[in-house]
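Undergrad: Using only what follows, build the 3D model:
(2 chains)
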Amino acid sequence: MAALPRRIIKETERLISDPVPGITAYPDESNLRAFTVAMDGPDSSPYEHGVFDLELYLPDDYPMCPPKVRFLTRIYHPNIDKLGRICLDVLKDNWSPALQIRTILLSIQALLASPNPDDPLANDVAEDWKKDEAKAIGVAKEWTSKYAKSHTASGSAE
Amino acid sequence: MKVQVLEWNAVASWHWDLKVDDSGVADELCGICRVPFDGTCPSCKYPGTDCPLILGDGCTHNFHLHCILKWLEQDTSKGLCPMCRQVFVYKRIKNMGTSEELHNLQVLIEGHKAMRERENEENEFDSFEDDVRMTD
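TA: Modelled structure (predicted):
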């Protein structure tokens, strides 16, 4: 495997020494381009008190291309589909090499706080969301307590 | 007293001539590879004139030549500055040289410009069609 670019080494070091609040990200020992991420659901969102596992992978041409990120934990959200794929502009057409792993993870956390059913990826969820938002939020809460293990990303029990 | 010089070593240092901020420190990291401008970009073995700094004109963002080249080679860059998303153009500096890579940079910038113009024309055509439909 080619040597890891310095930028990736620096980003990894900073993620560990100065983590983003509510998010942990560690590289896999066998592949330093693959990260295991745990993200707290944002406060006063239907995902509050949940901890969501994600995988993040830095392709060979990173930072010219965005990281590939996917939810591993099931989540009821109009912009995240059954396979955990995320519909977020900065992960696709609006990527810029000035962004980095930590800013991308913050964007994903912000997406949890403000779902956008007008630009859906999970069409059925988005329809439910538009039809009856209160009910959809109820389902999202239910899924959070069912699938997203309820401790915080920093590891301390509630 | 008579001194005889037996041996001497000359030592020189260099750095890119960049604007310095109030604290006296130049904004020294390339926004793409996050390596100091005076350092080696990921495509080079040694720092130096083979990989000059490219200074944004219009925006104030600077990059290693190889870093901004690689970015503008991506279609998704749309020819924009990675930092501020303005259309990226660079300052022509005296003695900048005429390397093949600088030429490539110019070609890429012009390519993105042509692409934008084509898209604008298509959009205009679409809205023209809409107008026609409305008057029907």
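
Undergrad: And the helices in chain A?
TA: In chain A, the helices defined using DSSP state H lie at A:6-17, A:101-113, A:123-131, A:133-147.

Undergrad: residues in contact with the spatially most central residue of chain A?
TA: Relative to the mean C-alpha position of chain A, the nearest C-alpha, by Cα atoms, centre = their mean, is the one of A:Ile108, at 4.6 Å. The neighbours of A:Ile108, taking Cβ atoms under 8 Å, 6 or more residues apart in numbering or on different chains as the test, are A:39, A:54, A:69, A:86, A:88. Yep, even glycine has a C-beta here, placed from its N, CA and C like the rest.

Undergrad: again, but for B:Val35
TA: With contact set as Cβ under 8 Å, 6+ apart, B:Val35 has these partners: A:6-7, B:29, B:41-42, B:64.

Undergrad: Please dump these into JSON lines; it should also carry pLDDT, neighbour count and distance to A:Thr144 for every row.
TA: Putting the contacts of B:Val35 into JSON lines (pLDDT from 0 to 100; neighbours: other Cβ atoms under 10 Å in any protein chain shown; distance: Cβ to Cβ, whole Å) gives the following:
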{"residue": "A:Arg6", "pLDDT": "89", "neighbour count": "15", "distance to A:Thr144": "38"}
{"residue": "A:Arg7", "pLDDT": "93", "neighbour count": "20", "distance to A:Thr144": "34"}
{"residue": "B:Leu29", "pLDDT": "87", "neighbour count": "13", "distance to A:Thr144": "39"}
{"residue": "B:Cys41", "pLDDT": "89", "neighbour count": "22", "distance to A:Thr144": "44"}
{"residue": "B:Pro42", "pLDDT": "88", "neighbour count": "17", "distance to A:Thr144": "41"}
{"residue": "B:His64", "pLDDT": "92", "neighbour count": "26", "distance to A:Thr144": "44"}
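
Undergrad: hang on, A:Lys92 packs against A:Cys65?
TA: No: with contacts counted by Cβ atoms under 8 Å, A:Lys92 stays clear of A:Cys65, the gap being 10.2 Å.

Undergrad: Now do the shared contacts for the two.
TA: Common contacts of A:Lys92 and A:Cys65 (Cβ under 8 Å, 6+ apart): B:Thr76.
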